[in-house]
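Q: Requesting a structural model of the entry that follows:
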Amino acid sequence: MLQIALALVVAFSVSIFTIKVLLPLAPHIGLVDLPNERKIHHGAIPLIGGISIFTGVLIASTLFIEQSQLLNLYFISSALLVFIGTMDDIYDLKVAPRMIFQGLVACIMVFGANLNISELGNLFAWGNINIGNYGMIFTLLACITAINAFNMVDGIDGLAGSISIISLMAIAVLAVLSESTHNLLLLLILIVATIPYLFYNVSTRNPRGKKIFMGDAGSMFLGLTVIWLLALSTQDTVYSEAYFRPVTALWIIAVPLMDMFAIMIRRIRKGVSPFRADNGHLHHICMRLGLSSRQALWAISAGAIALASIGIFGEVYQVPEHIMLMAFLAVFCIYAYCLQHVWQFIRLIK
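A: Numbering: from 1, shown residues only. The predicted structure follows:
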């Protein structure tokens, strides 16, 4: 217990220290976010939150978690994403180099760490589905999807950090309930290392009001982390046994997943690139409906907690997987339909 406490203290302290060191340096290297037609904020905001979270997790894990090839590959993958994310934050890279790096990271996960999501469970009530070697392709796509889903959800103060913490806490709760402690310390370190970023990003009482953003480095790192842990938690591997079903993972990351697919479908129907940024995400809609940024954060976070809780409930009470999948698809269809027609409602109320 003392070791756990020390690990969390180190993660928290290193994260804060990194923020304090980078705050004065960020403007000099161009690591700042400037306001534009999509980004409404005051002044140049340092994009250092993701680097602080990664540094806190890296140092605490190195000191307090037993080193292994799996952990090393995870941090190599994370470092690559933090690097390309930082370059994107500074130079606003095009989609191609980002996708290349994401594909490289996904390959490290699949072929280096040998993490393959091949067991999908009894999704259609006719027996367990094992896609065998196709699991490699599925995992590559799942990894890139999760990275971009968490990247896209980072649109208002505190949202990406809060959604990530909710997902990580849901995995931690399931780990405790199943008495699986293999990844529990890493989960706790990740959660604690994210708290200083949220304090500087959301709180109005941080030192001298010095606000920071997470940046692409942070959102992509957290997306990779969540899919990495979900793969470990839902598949039997040489590292550990699965302790919850794959369908439960959908509920744990429901908000970023649904928002990404719904917005990409809408963009494709409009005849534009699915990767083209716009103001059609859930947080934008909440604010168009009259919510403040803070109120939108609380509303979306509450929704994420509710959906993750449904996943946990279904796992604890072993609700049949096909029912959990059908329920998830029903929620997604309702959400996508509302997203397509919400603009008509907004025009009516205005």
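Q: Give me the neighbour count for residue 6.
A: 13 (other C-beta atoms under 10 Å). Yep, even glycine has a C-beta here, placed from its N, CA and C like the rest.
Q: Residue 246 too?
A: 21.
Q: Show the pLDDT at it.
A: We have a pLDDT of 97 for residue 246.
Q: Use 29 as the first number from now on
A: Happy to do that; since the first residue is 29 now, the last one works out to residue 274.
Q: Quick one: residues contacting it.
A: 145, 147, 148, 149, 262, 263 (C-beta atoms under 8 Å, 6 or more residues apart in numbering).
Q: Tally up the residues packed near residue 98, please.
A: Neighbours of residue 98 (other C-beta under 10 Å): 19.
Q: so it makes contact with residue 257?
A: No: applying C-beta atoms under 8 Å as the test, residue 98 and residue 257 come out as separate, 11.4 Å apart.
Q: tell me the phi and psi of residue 75?
A: phi -100, psi 70 (degrees, to the nearest 10).
Q: my read: it touches residue 247, true?
A: No: counting by C-beta under 8 Å, residue 75 stays clear of residue 247, with 10.4 Å between them.
Q: who's more crowded, those two?
A: residue 247 (30 against 25).
Q: isn't there a helix covering that one?
A: Yes: counting by DSSP: H, G, I helix; E, B strand; the rest coil, residue 247 falls inside a helix.
Q: hmm, back to that, now, among the contacts of residue 274, which is nearest to residue 30?
A: Among the contacts of residue 274, residue 262 lies closest to residue 30 (C-beta to C-beta), at 31.4 Å.
Q: since we're on that closest one, how many residues are nearby?
A: 23.
Q: List the contacts of it.
A: Each residue near residue 262 by C-beta under 8 Å, 6+ apart is listed here: 145, 147, 270, 272, 273, 274, 276, 277.
Q: same thing with residue 192?
A: 178, 218, 222, 250, 253, 254.
Q: Dump these to JSON lines, plus pLDDT.
A: Output for those, formatted as JSON lines (pLDDT from 0 to 100):
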{"residue": "178", "pLDDT": "95"}
{"residue": "218", "pLDDT": "98"}
{"residue": "222", "pLDDT": "97"}
{"residue": "250", "pLDDT": "97"}
{"residue": "253", "pLDDT": "97"}
{"residue": "254", "pLDDT": "97"}
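Q: Between those residues, identify the one with the most neighbours.
A: In the contacts of residue 192, the most neighbours by other C-beta under 10 Å go to residue 250, 32 neighbours.
Q: Surely that residue is in contact with residue 85?
A: No: assessed by C-beta under 8 Å, residue 250 is found out of contact with residue 85, at 10.0 Å.
Q: what about the helix or strand hosting residue 101, distance to the chain center?
A: Using DSSP states H and E, residue 101 sits in helix 97-119. Relative to its chain's centre, helix 97-119 lies at 14 Å (C-alpha atoms, centre = their mean, to the nearest Å).
Q: Please enumerate the strands of the stretch 79-228 of the chain.
A: Along the stretch 79-228 of the chain, counting by DSSP state E, counting those that start in this stretch, strands occupy 147-149, 157-158.
Q: Contacts for the first one next, please.
A: Read it as strand 147-149. By C-beta under 8 Å, 6+ apart, strand 147-149 touches 156-159, 163, 262-264, 270, 273-275, 349.
Q: Is it possible to get these out as a markdown table so that each row also shows distance to residue 58?
A: Compiled in a markdown table, these are given as follows (distance: C-beta to C-beta, whole Å):
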| residue | distance to residue 58 |
| --- | --- |
| 156 | 51 |
| 157 | 48 |
| 158 | 48 |
| 159 | 44 |
| 163 | 41 |
| 262 | 40 |
| 263 | 41 |
| 264 | 46 |
| 270 | 44 |
| 273 | 45 |
| 274 | 41 |
| 275 | 43 |
| 349 | 48 |
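Q: now that we have these, which one has the most neighbours?
A: Neighbour max across the contacts of strand 147-149 (other C-beta under 10 Å) = residue 275, 25 neighbours.
Q: Wait, a strand at that residue?
A: No: secondary structure of residue 275 (three-state DSSP): helix, not part of a strand.
Q: mind showing which ranges of this protein have poor pLDDT?
A: 63-71, 232-237, 301, 303, 305-306, 308, 370-378 (pLDDT under 70).
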